[in-house]
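Undergrad: 3D, please:
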Amino acid sequence: MHRREFLTLLAAAGAAGASFAPRLTHAQARAELYDVPPFGNLSLLHITDVHAQLLPMWFREPSMNLGDGKPPHLVGDAFLKNYSLHRNSLAAHAFTHLDFERAARRYGKAGGYAHLATLVKQLRASRPHALLLDGGDSWQGSATSLWTRGADMIGAQQRLGVDYMTAHWEFTYGAQRVKSSPIRMLAQNVRTADFEDPVFEPYALLSRNGVSFAVIGQAYPYTPIANPRHFVPDWTFGIQERRLQERVEEVRAKGARAVILLSHNGMDADLKLAGRVRGIDAILGGHTHDGVPAPVLVGKTLVTNAGCNGKFLGLLELAVDEGGVRDYRYRLLPVFANLLPADAEMNSYVSEARKPFAARLAEKLAVTESLLYRRGNFNGSTDQLILEALLAQKDAEIAFSPGFRWGTTLLPGEAITLEHLMEQTAITYPQVTLNELSGAQIKGILEDLADNLFNPDPYLQQGGDMVRVAGMSYALEPGARMGARISDLRVKGQPMAPERRYKVAGWAPVAEGASGEPVWEVVLRYLKAKKTIRIAEVNRPRLIGVEGNPGRA
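TA: Okay, the predicted model is just below:
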């Protein structure tokens, strides 16, 4: 793959995106998006970070994704400019936060396994050799998945035709649950702590359509740090570059003419890895929820990331001969429920899987007058709601909420149901905690979390987004050195005293044995008491040194 070929592909991707013009009819939009002619002799379909969303949903893309100003750290108009997309178009709505509420009401919901199944079947009809890969984070993020320990999602994966997957949040159901999955799990970087034996298959060596190729799995490397260690106490993780290089060389020696990495590293880590591990043709990435329309080329390796919540389906097609990969095409296809009819078989399965829980899920807790969303480096309005509930219900001075990237969106005027609440909180360690922390401890926590997000080395970025806070304010300089990013901490407008102890509420403790009621019970009481939710202001830090950054709208 040469630079000239890559630039040609980018131009083609830009032209395709630009054709999603604002005035397309329903039929024209469907044809522009989904009538994709086959290319090459190896086709790979890719979903990732579905977070247990079986039904179509709203999902607002971030207005803040700070970084180096290159993909995936582009938002809003900077994103549109980079990919030559029209403002106010279907593509602009799919990939950016711009004018979200108006566009959402116009274009409808995205995702849903019944609609995704229709698209998968359509593409496979002209590509019977196509492989369907799931990048992980598929079993967590809904009430039904939590209550069935992922069984509803596994059933959907089987009916969708998932061939292989890797994992992250799946591990929070425990080692035995992941090991017993009927979906074949690939993870070269997960080993036993005692003898370093492989826990899962490291790769699959396959032959499709006359092409010998390999898919290597890369599970989330920081699972025991980002999530409770006690769920998988006997396994080790990590990037494992050296072992990955060995696996690449091993499958090449066995005849693989193309090597694909199915990764849950996060896109920044994948970009670094692509420049350090030789022989990978493409990385189908996940974890960071970035919807990136065109691959980034690092050396000879294509690096992709396919969004989240079932909102996108990636299609990578390769032309492979005896000498390896010669050419490629890539499309990241938005799954719009209004443009794709529901597949009857999958629709029936989803209805049956949800039936035992339907009445409970539909319980109306309140109505929102505000757009409720989560995704972004700092507080979203949904995070603000959770924080305000913690402050009120726990009589705390300060509240912390994890920087989770999963969670759907609600439009103004919609009812907040138990299902919607669980889409923001459904985890296996939901306990609410109440602690007394000194001002110095609070600063230290914020410094550590800021380093997880803004460390210049992608391999040391171990978290999601920044912890969400309420009851206090602070300033943040992302480009400062470790330990010097956080300043001007204040409580009720007054400087935070380093020695004074503050009453802090939080949830999702990673320590084993933590006690407390589930966070959804706390927020549920708050919603029922309020009845109507209006988020007057979203509390975000004062940022220093990021003026003009294209990752900030």
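Undergrad: was I right to think residue 60 contacts residue 410?
TA: No - in this structure residue 60 lies outside contact range of residue 410 using Cβ atoms under 8 Å: 9.8 Å. Placement of C-beta: from N, CA and C, glycine included.
Undergrad: where do the contact lists of the two overlap?
TA: Residues touching both residue 60 and residue 410 (Cβ atoms under 8 Å, 6 or more residues apart in numbering): 371, 373.
Undergrad: can I see the domain layout of this structure?
TA: In terms of domains, the chain is parsed into 3-351, 362-543 (source: automatic domain parsing).
Undergrad: among those, which is the most enclosed?
TA: Burial of these is given as mean neighbour count (mean count of other Cβ atoms under 10 Å); domain 3-351 ranks first at a mean of 20.
Undergrad: centre of the chain versus that one, how much separation?
TA: Mean C-alpha position of domain 3-351 versus that of the full chain (Cα atoms, centre = their mean, to the nearest Å) differs by 10 Å.
Undergrad: avg pLDDT for it?
TA: When pLDDT is averaged along domain 3-351, the result is 94.
Undergrad: picking up where we left off before, which of the domains of the chain sits closest to residue 553?
TA: Judged by Cβ to Cβ, the one of these that comes nearest to residue 553 is domain 3-351, at 3.9 Å.
Undergrad: quick one, helices of the stretch 451-553 of the chain?
TA: In the stretch 451-553 of the chain, the segments counted as helices under DSSP state H, counting those that start in this stretch are 519-530.
Undergrad: any low-confidence regions in it?
TA: For the stretch 451-553 of the chain, the stretches with pLDDT under 70 are 463.
Undergrad: the same query, at a cut-off of 50, please.
TA: Low-confidence segments of the stretch 451-553 of the chain (pLDDT under 50): none present.
Undergrad: please enumerate the strands of it.
TA: According to DSSP state E, counting those that start in this stretch, the stretch 451-553 of the chain carries its strands in the segments 468-470, 473-476, 486-491, 494-495, 501-507, 532-533, 542-543.
Undergrad: which residue ranges form the strands in the stretch 1-150 of the chain?
TA: 42-47, 131-134.
Undergrad: mind giving me a markdown table with the domains of the chain and columns for distance to residue 549?
TA: Formatted as a markdown table, the entries for these read as follows, by distance: least, Cβ to Cβ, whole Å:
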| stretch | distance to residue 549 |
| --- | --- |
| domain 3-351 | 6 |
| domain 362-543 | 9 |
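Undergrad: so which of those is nearest residue 550?
TA: Between residue 550 and those, the shortest separation by Cβ to Cβ is 3.5 Å, and it involves domain 3-351.
Undergrad: before we move on, back to that, tell me which of the strands of the stretch 1-150 of the chain sits nearest to residue 552.
TA: The stretch from the strands of the stretch 1-150 of the chain with the least distance to residue 552 (Cβ to Cβ) is strand 42-47; that distance is 28.5 Å.
Undergrad: picking that back up, out of the domains of the chain, which is closest to residue 552?
TA: Residue 552 sits nearest to domain 3-351 of all the domains of the chain, at 5.6 Å, using Cβ to Cβ.
Undergrad: quick one: residues contacting residue 426.
TA: Under the criterion of Cβ under 8 Å, 6+ apart, the contact list for residue 426 reads 52, 140, 141, 142, 143, 145, 146, 520.
Undergrad: ok, and the closest non-adjacent residue to it?
TA: In space, not counting the residues next to it along the chain, residue 426 is nearest to residue 146; the distance is 4.3 Å by Cβ to Cβ, 6 or more residues apart in numbering.
Undergrad: returning to what we had before: could the strands of the stretch 451-553 of the chain go into JSON lines alongside distance to residue 46?
TA: Below are those laid out as JSON lines (distance: least, Cβ to Cβ, whole Å):
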{"stretch": "strand 468-470", "distance to residue 46": "30"}
{"stretch": "strand 473-476", "distance to residue 46": "34"}
{"stretch": "strand 486-491", "distance to residue 46": "37"}
{"stretch": "strand 494-495", "distance to residue 46": "49"}
{"stretch": "strand 501-507", "distance to residue 46": "32"}
{"stretch": "strand 532-533", "distance to residue 46": "36"}
{"stretch": "strand 542-543", "distance to residue 46": "33"}
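Undergrad: closest one to residue 168 among those strands?
TA: Each of these has some distance to residue 168 by Cβ to Cβ; the shortest is strand 501-507, at 19.4 Å.
Undergrad: which other residues reach that closest one?
TA: So strand 501-507 is contacted by 386, 390-391, 394-402, 425, 430-439, 442, 491, 496, 516, 519, 522 (Cβ under 8 Å, 6+ apart).
Undergrad: those in strands, which ones?
TA: Residues of those located in strands (DSSP state E): 398, 399, 400, 401, 432, 433, 434, 435, 436, 437, 438, 491.
Undergrad: residue 551 is nearest to which of the domains of the chain?
TA: With Cβ to Cβ as the yardstick, what comes closest out of the domains of the chain is domain 3-351 (4.1 Å).
Undergrad: residue contacts, the residue nearest to residue 406 when sequence neighbours are not counted?
TA: For residue 406, the nearest residue in space outside its immediate sequence neighbours is residue 51; the separation is 4.2 Å by Cβ to Cβ, 6+ apart. In this structure, residue 51 makes contact with 137, 138, 140, 141, 142, 169, 308, 309, 406, 407, judged by Cβ under 8 Å, 6+ apart.
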